[in-house]
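Whatever this is, show me its structure:
(chains A and B)
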Amino acid sequence: EAGVAQSPRYKIIEKRQSVAFWCNPISGHATLYWYQQILGQGPKLLIQFQNNGVVDDSQLPKDRFSAERLKGVDSTLKIQPAKLEDSAVYLCASSSGDTKLEAFFGQGTRLTVV
Amino acid sequence: KQEVTQIPAALSVPEGENLVLNCSFTDSAIYNLQWFRQDPGKGLTSLLLIQSSQREQTSGRLNASLDKSSGRSTLYIAASQPGDSATYLCAVPTGANNLFFGTGTRLTVIP
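Below is the predicted model:
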């Protein structure tokens, strides 16, 4: 079974530029998450989708971050414009949504804003 | 509001030692608790998931226990190896079925 795929693996941009990350979850997983992990900290949820609907985006900085999950499969996370403090690893995860609630993570995208 | 704490923040042990990593959480109304491993620059790998009805789970040299009433979980690693060096994170589901993470324990196993 293929895991969660993310691209790109690394990205370096200047502040005020825009950037987009892509995620392909495990086939059949209805729930998709985007997490932000700042160096030395645990991952923090940005947004959670159930199929193509948003379940929780309470911690998403909506003035600069946006995410979509068209057709309930792939998802993209965009930052526009980026700030220095957005430098972090962006992790995508998926879950089947069954009672076990086990989440599987991709390799992440390391973003550096200079 | 759920808070998850992991102690110690960093741990260094000689190869072959048995060790225990600790995770505590403030809201005991959890469905399960999941332990992850994270290698530098990589994503998270799920190690063990303990359902709320279970007391422990084992996988190879790893054993995780869960005491909901006291808000604690431990990850026991037997006969540690240099390849076990990584950051270990515990996470619990929130009411919206997403994961709330601790800050992790960075483990170094010295050959």
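
helix/strand/coil for the residue of chain A found nearest chain B?
Of all residues in chain A, A:Gly42 sits closest to chain B, with a separation of 3.3 Å (CB to the nearest CB). Every residue, glycine included, has its C-beta placed from N, CA and C. Here A:Gly42 is recorded as coil under DSSP: H, G, I helix; E, B strand; the rest coil.

Excluding covalently adjacent residues, which one is nearest to it?
Closest residue in space to A:Gly42, ignoring its immediate chain neighbours: B:Phe101 at 3.3 Å, by CB to CB, 6 or more residues apart in numbering or on different chains.

likewise B:Leu21?
B:Leu75 (4.4 Å).

do the same with A:Lys11
With sequence-adjacent residues excluded and distances taken as CB to CB, 6+ apart, A:Lys11 is closest to A:Leu111, at 5.1 Å.

quick one: contacts for the one you found?
Contacts for A:Leu111 (CB atoms under 8 Å, 6 or more residues apart in numbering or on different chains) come out as A:Lys11, A:Ile12, A:Ile13, A:Val19, A:Phe21, A:Ile79, A:Ala82, A:Asp86, A:Ser87, A:Ala88, A:Val89, A:Tyr90.

can we see that at 10 Å?
By CB atoms under 10 Å, 6 or more residues apart in numbering or on different chains, the contact set of A:Leu111 is A:8, A:10-13, A:19, A:21, A:36, A:79, A:82, A:86-90.

name the element it belongs to?
strand A:109-113 (DSSP states H and E).

Just the buried residues of that strand, please?
A:Thr109, A:Arg110, A:Leu111, A:Val113 (16 or more other CB atoms under 10 Å in any protein chain shown).
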